[in-house]
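In: the following comprises the amino acid sequence and a computationally predicted model.
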Amino acid sequence: MIINFFIPELNNHDVQELWFQQDGATCHTARATIDLLKDTFGDRLISRFGPVNWPPRSCDLTPLDYCLWGYVKSLVYVDKPQTLDHLEDNIHRVIADIRPQMLEKVIENWTSLLDYIRASRDSPMPEIIFKM
C-alpha cells in the first residue's frame, strides 16, 4: 500500500514540510516499513523506531481513532452479545445508524484540531477536548 498508493499520491502534492505520524503497532514498525518511510520523510517521521519516537499516551489524530471506534464500541456492547453473529449484527446496525450530522461534526472537530496543530508548531499543546 505504501509503495503502490501512498508514495505515488504524495508525489501529487507539495510535501516538503509534511510530517508523517503513525502509532507503534507492529505492522507499522517493521524495519522495511520504517526504512521506506525514513527515505520518504527523513527526520519528519513520528513512529516507534523512527527519528521521532511515538509519544506515549499521545492523542490520535484521525477521526477513526479518536471518535468512531470508541463510539461504535460503546453501543455494540450495550446488550452484551454472546455470539459472533450477534456481535456482527450489532456492528452493522450501529454503523448503519450513524447520521451525517455526526460525521460532519467529527470532521469539523478534526479540521479544527489540524488548524490548532499547524498554528502551535513547536509549542506544547494543552489537553484537547473534542465536542460531539
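Out: Now that the structure is in, tell me what you want to look at.
In: only C-alpha atoms from now on, for both contacts and neighbour counts.
Out: Noted.
In: ok, the closest residue to residue 22 other than its chain neighbours - contacts?
Out: Spatially, and ignoring its direct neighbours in sequence, residue 22 is nearest to residue 47 (5.4 Å; Cα to Cα, 6 or more residues apart in numbering). By Cα atoms under 8 Å, 6 or more residues apart in numbering, the contact set of residue 47 is 21-24, 29, 53-54.
In: change it to 10 Å
Out: 20-25, 28-29, 34, 37, 53-55 (Cα atoms under 10 Å, 6 or more residues apart in numbering).
In: repeat that for residue 26.
Out: Residues near residue 26 by Cα under 10 Å, 6+ apart: residue 48.
In: do you know how far it is from residue 91?
Out: 26 Å (Cα to Cα, to the nearest Å).
In: CA atoms of stretch 89-97 as CSV?
Out: C-alpha atoms of stretch 89-97 as CSV (Å, rounded to 0.1, in the frame of the first residue of the first chain):
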residue,chain,number,x,y,z
ASP,A,89,-25.3,-7.7,13.7
ASN,A,90,-24.7,-5.1,16.4
ILE,A,91,-21.7,-3.7,14.5
HIS,A,92,-23.7,-3.4,11.2
ARG,A,93,-26.6,-1.8,13.0
VAL,A,94,-24.5,0.8,14.9
ILE,A,95,-22.5,1.7,11.7
ALA,A,96,-25.8,2.0,9.7
ASP,A,97,-27.3,4.3,12.3
